[in-house]
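Enquirer: heads up, no residue letters with this:
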């Protein structure tokens, strides 16, 4: 027996595995174009981006982050980047490589991002855009999307949201929050295999993309958007994941995005209550519903991680670098339930007793 | 019933589909590192590149072509590009975008690439490298690898071979032909789902990569090579396809690369003989064992294509643009056999009679 509590890949659904086991069909035909049309229309509705467009990229989320920067910004821009962990920091590295001017708002571990921290930077210069990983997956902090949206509206900033781990766990409404680009990846709450990323572009952003020279063949959004008009991609895509995505999008739409977020919130809330009850803790900054970082006062998170796999087949998400011993992370996205949570809590509790 | 005679995705093997139907595991651990080590070592043996290294990219083959140009060449280079179809032409487009100087050797449809055509260009300038799609998949021409290798050796050219459709169908021996980079993709003869590409780099090319600034985060070979030392990739890879690849590489090694090429050649030879016997034809230039383009004298390839799907469930590979009516292509890679070939020949023959 095995159950994934990792943040990506996540525990997948039987419906997806059934598709995964089938012959991958030929794709340069109307049948596959209809799959792409269905996926793109469904994603637009789930993201509240009905006037925008969808780009399907065969790459990891980082590929999609880089593609977004390359297609949506130039050296004439000046960006605010929320750098509160390894994924926020990745945005700064991408800007460095592509020589896009930016100012990083650093959020130290444990600190909560505030409007003042951003305004301090805004006073210094003229800015054109803001990049954020809405849920900084490395530590689970969920930034305040309303505050970020207000800052962008008031300062006329192009608003780019990496919602790779926030989507379906927390509210990501492009229309309501005037988001210009949302970046998603297949292996998070969409619960598919890794290898496909998605960029949703607003109507405003599409106008920007039109006039920017992306300096890439593979990641050229203009070429992707032109091909999407006929339900295709410029190059052979991750066909199997796109077919899984069509099935998943249909099921998500049947359930409703609000209900999915509510259910994820219920699981996360239950789990966090139980974490405290067994004598452990989690950070006090605002957390995404997608993930709970558990803090181990005895600095034995790495030992517990291994025991959970060995004794229970439960795979939680280890933390890297400085946090390897003090913290591991538990996903609430994918095929999860209160029952799974409870089984994990008991397993952690028993393991800690065993290690005493 | 359905059988794919397309060039990618190809008809897959039951062993691969079994893996495809399983939960994708977490990958930042020793278990997955061992999978990557096993894949990379096996690929090095299959490509005769034991002193080189392997880069696994989550992208289509075009992504890998672009990544190779970005990591292996600079504006100081000057390349010869064999441009004999849409894939050769893609190399010129990539060079244009990245401002890599080049001279294209154009091979018109029906014409055979000769040494003289390359030497004509070589006389004009100083060159540093040569790019070729060994099997120009759009029309099936197999270029003479020994001739190309000799030209590169004699003129001290870095030799880059896109073997996306030639690998396992025709000889691709990096050691014997002094190839510096080979580009592969998961959905051709490796018979896996699309979404993973592979670049094998020679020892000489590794030294080049070390000193070139790739101007990319996602496609940075230096970062990939550093991560490969611990059996990992910099970003979440197409985990499921890499696991399928481990299984496939093991089975290919058991069978032996020479035997696989021989078997593919037998299928292609049988099929071509039968094509002539039913009154059809194929091009007279040298053909890869991977694919046979069939020429339809009555310009009804598109009609036959549709009838084959409707009546038999056989999906052949349509040709694009100018060739849509005069030609379609039949793959001999993937899960193919003489029996499948014969069934397809009979189906084509019956369809043509029906259409008379």
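Expert: Alright, I've got the coordinates. Keep in mind that this is a model prediction, so the values were computed, not measured.
Enquirer: buried residues in stretch A:242-252?
Expert: Neighbour-count burial for stretch A:242-252 flags A:242, A:243, A:244, A:245, A:246, A:247, A:248, A:249, A:252 (criterion: 16 or more other Cβ atoms under 10 Å in any protein chain shown). Where C-beta positions appear, they are placed from N, C-alpha and C, glycine not excepted.
Enquirer: confirm residue A:63 sits in a helix?
Expert: Yes. Membership of residue A:63 in a helix is supported by DSSP: H, G, I helix; E, B strand; the rest coil.
Enquirer: buried residues in stretch A:144-151?
Expert: In stretch A:144-151, counting by 16+ other Cβ under 10 Å, buried: A:145, A:148, A:149, A:151.
Enquirer: pull the residues that contact stretch A:303-317.
Expert: Stretch A:303-317 is contacted by residues A:1-7, A:291, A:296, A:318, A:328-331, A:343-344, A:347-348, A:351-352, A:354-355, B:25-26 when judged by Cβ atoms under 8 Å, 6 or more residues apart in numbering or on different chains.
Enquirer: quick one, what contacts residue A:75?
Expert: So residue A:75 contacts A:99, A:100, A:101 (Cβ under 8 Å, 6+ apart).
Enquirer: next, give phi and psi for residue A:105.
Expert: With angles defined as degrees, to the nearest 10, residue A:105 sits at phi -100, psi 110.
Enquirer: quick check, it in contact with residue A:81.
Expert: Yes. With contact defined as Cβ atoms under 8 Å, residue A:105 counts as touching residue A:81 (7.0 Å).
Enquirer: these two: which is more packed in?
Expert: residue A:81 (26 against 21; other Cβ atoms under 10 Å in any protein chain shown).
Enquirer: partners of the host helix or strand of the more buried one, with directions?
Expert: Under the criterion of DSSP states H and E, residue A:81 resides in strand A:79-83. Sheet pairing of strand A:79-83 (DSSP bridges) gives strand A:102-106 (parallel), strand A:129-133 (parallel).
Enquirer: make a markdown table from the ones you listed and add mean pLDDT to it.
Expert: Formatted as a markdown table, the strands paired with strand A:79-83 follow (pLDDT from 0 to 100):
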| stretch | mean pLDDT |
| --- | --- |
| strand A:102-106 | 98 |
| strand A:129-133 | 98 |
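Enquirer: buried set for the longest helix along chain A?
Expert: Assignment by DSSP state H gives helix A:257-277 as the longest helix of chain A. Buried residues in helix A:257-277, counting neighbours by 16+ other Cβ under 10 Å, are found at A:257, A:260, A:261, A:263, A:264, A:267, A:268, A:270, A:271, A:272, A:274, A:275.
Enquirer: quick one on the thing from earlier: which one of the strands paired with strand A:79-83 lies closest to residue A:54?
Expert: strand A:129-133 (19.5 Å; Cβ to Cβ).
Enquirer: next, the buried residues of that closest one.
Expert: For strand A:129-133, by 16+ other Cβ under 10 Å, it's A:129, A:130, A:131, A:132, A:133.
Enquirer: sorry, back to before: now, the contacts of stretch A:303-317 that are in helices?
Expert: Checking the contacts of stretch A:303-317 against DSSP H, those in helices are A:343, A:344, A:347, A:348, A:351, A:352, A:354, A:355.
Enquirer: ok, and which of those residues reach chain B?
Expert: On the criterion Cβ under 8 Å from any Cβ of the partner chain, none of the entries of the ones in helices among the contacts of stretch A:303-317 sits beside chain B.
Enquirer: the stretch 101-250 of chain A against chain B: which residues are in contact?
Expert: A:185, A:187, A:193-196, A:215-218, A:234-241.
Enquirer: report the buried members of those.
Expert: Buried subset of those (neighbour count, 16+ other Cβ under 10 Å): A:185, A:187, A:193-196, A:215-218, A:234-241.
Enquirer: helix, strand or coil for whatever residue of the stretch 251-356 of chain A ends up closest to chain B?
Expert: Of all residues in the stretch 251-356 of chain A, the one sitting closest to chain B is residue A:315 (5.0 Å; Cβ to the nearest Cβ). Here residue A:315 is strand, with the state taken from three-state DSSP.
Enquirer: which of the buried residues of stretch A:144-151 sits closest to residue A:85?
Expert: Nearest to residue A:85 among the buried residues of stretch A:144-151, with distances taken as Cβ to Cβ, is residue A:148, at 15.8 Å.
Enquirer: where's the residue nearest to that closest one when sequence neighbours are not counted relative to chain B, distance?
Expert: In this structure, residue A:148 finds its nearest non-sequential neighbour in residue A:132, 5.9 Å apart by Cβ to Cβ, 6 or more residues apart in numbering or on different chains. Computed as Cβ to the nearest Cβ, to the nearest Å, the residue A:132 to chain B distance reads 18 Å.
Enquirer: residue A:132 touches residue A:163, doesn't it?
Expert: No. With contact defined as Cβ under 8 Å, residue A:132 does not count as touching residue A:163 (9.4 Å).
Enquirer: which residues touch the closest residue to chain B within chain A?
Expert: Residue of chain A nearest chain B, by Cβ to the nearest Cβ: residue A:21 (2.5 Å). By Cβ under 8 Å, 6+ apart, the contact list for residue A:21 reads B:17, B:18, B:20, B:21, B:22.
Enquirer: re the thing from before, helices - which of the buried ones among the residues of the stretch 101-250 of chain A next to chain B land there?
Expert: Judged by DSSP H, those include A:239, A:240, A:241 as members of helices.
Enquirer: where does the prediction get shaky in chain A?
Expert: For chain A, applying pLDDT under 70 flags the ranges A:1.
Enquirer: would you map out the domains in it?
Expert: The record assigns chain A these domain ranges, following automatic domain parsing: A:3-7+A:257-355, A:14-255.
Enquirer: go through the ones you listed and pick out the most buried.
Expert: domain A:14-255 (a mean of 21; mean count of other Cβ atoms under 10 Å in any protein chain shown).
Enquirer: off-centre distance for that domain?
Expert: Offset of domain A:14-255 from its chain centre (Cα atoms, centre = their mean, to the nearest Å): 8 Å.
Enquirer: next one: stretch A:282-302
Expert: Taking Cα atoms, centre = their mean, one finds stretch A:282-302 lying 18 Å from the centre of the chain it belongs to.
Enquirer: how about it against chain B, any contact?
Expert: No. On the criterion Cβ under 8 Å from any Cβ, stretch A:282-302 is out of touch with chain B, staying 11.9 Å away.
Enquirer: between the two ends of that stretch, how far is it?
Expert: 16 Å (Cα to Cα, to the nearest Å).
Enquirer: can you check stretch A:17-36 too?
Expert: 20 Å.
Enquirer: which residues touch residue A:190?
Expert: Residue A:190 touches A:167, A:168, A:184, A:245, A:248, counting by Cβ under 8 Å, 6+ apart.
Enquirer: list the contacts of the first one.
Expert: Contacts of residue A:167 were listed using Cβ under 8 Å, 6+ apart, and they are A:47, A:182, A:184, A:188, A:189, A:190.
Enquirer: dihedrals phi and psi, the last one?
Expert: Residue A:190 adopts backbone torsions of phi -70, psi -20, taken as degrees, to the nearest 10.
Enquirer: cool, and the fifth one?
Expert: For residue A:189, the backbone dihedrals are phi -60, psi -20 (criterion: degrees, to the nearest 10).
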